[in-house]
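Participant: take this sequence and fold it.
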Amino acid sequence: QVQAVESGGGLVQAGDSLRLSCAASGRTFSRYAMGWFRQAPGKEREFVAAISWSAGITYYADSVKGRFTISRDNAKNTVYLQMNSLKPEDTAVYYCAAAYQRWGLLSSPEQYDYWGQGTQVTVSS
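Facilitator: Modelled structure (predicted):
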């Protein structure tokens with residue numbers, strides 16, 4: 001079982017950067033593909049980025065490609081989301097999620113086994 005705790009959210013201006021962290025418990029963190037999702041008020045949860053559990057293959061939503069970077073440090077049981085050139089439309093609660101030994105593009109919330117509680121990101125114009 002994995003417990004994930006996000007941090008790093010906040011209020012920033014358009015064009016600024018933020019780095020989100022997701023610290024996960026458990027000794028098998030390296031066997032989990034990790035993903036970031038976000039949910040804005042009144043909208044469904046949407047995929048942002050994911051990183052595979054093996055080989056560190058990364059995937060991104062088109063809306064964040066070129067601006068966001070997902071990475072992981074298995075020694076620290078942590079996954080990161082570096083967000084640059086933030087836009088007001090990036091405003092949402094950001095969640096990290098873990099999927100045990102799953103392959104490929106994991107862009108659907110149903111593909112994940114564990115979720116963090118979320119961290120708020122607000123981008124003002």
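
Participant: now the spatially closest residue to residue 8 that is not a sequence neighbour: how far from residue 104?
Facilitator: Once flanking residues are discounted, residue 8 sits nearest to residue 20: 4.2 Å by C-beta to C-beta, 6 or more residues apart in numbering. Yep, even glycine has a C-beta here, placed from its N, CA and C like the rest. Residue 20 sits 23 Å away from residue 104, going by C-beta to C-beta, to the nearest Å.

Participant: out of these two, which sits in the more crowded spot?
Facilitator: Shown here are residue 20 and residue 104; by other C-beta atoms under 10 Å, residue 20 has more neighbours (23 against 11).

Participant: for that one, list each beta-bridge partner.
Facilitator: Counting by DSSP bridges, residue 20 is bridged to residue 81.

Participant: just checking, it touches residue 94?
Facilitator: Yes: counting by C-beta atoms under 8 Å, residue 20 does reach residue 94; the two are 5.8 Å apart.

Participant: any common contacting residues for these two?
Facilitator: Common contacts of residue 20 and residue 94, defined by C-beta atoms under 8 Å, 6 or more residues apart in numbering, comprise 6, 9, 36, 81, 119, 121.

Participant: show me the residues you listed that map onto strands.
Facilitator: 6, 36, 81, 119, 121 (DSSP state E).

Participant: which non-adjacent residue is nearest the second one?
Facilitator: The shortest distance from residue 36 to any residue that is not its chain neighbour, by C-beta to C-beta, 6+ apart, is 4.3 Å, and that residue is residue 48.

Participant: which SS class is that neighbour?
Facilitator: strand (DSSP: H, G, I helix; E, B strand; the rest coil).

Participant: okay if I get the ones in strands among the shared contacts of residue 20 and residue 94 as a markdown table plus distance to residue 98, neighbour count and pLDDT?
Facilitator: Listed next are these as a markdown table, based on distance: C-beta to C-beta, whole Å; neighbours: other C-beta atoms under 10 Å; pLDDT from 0 to 100:
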| residue | distance to residue 98 | neighbour count | pLDDT |
| --- | --- | --- | --- |
| 6 | 12 | 22 | 97 |
| 36 | 11 | 26 | 98 |
| 81 | 14 | 27 | 98 |
| 119 | 16 | 22 | 98 |
| 121 | 20 | 22 | 98 |
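
Participant: if anything else comes up later, I'll come back, but that's it for now.
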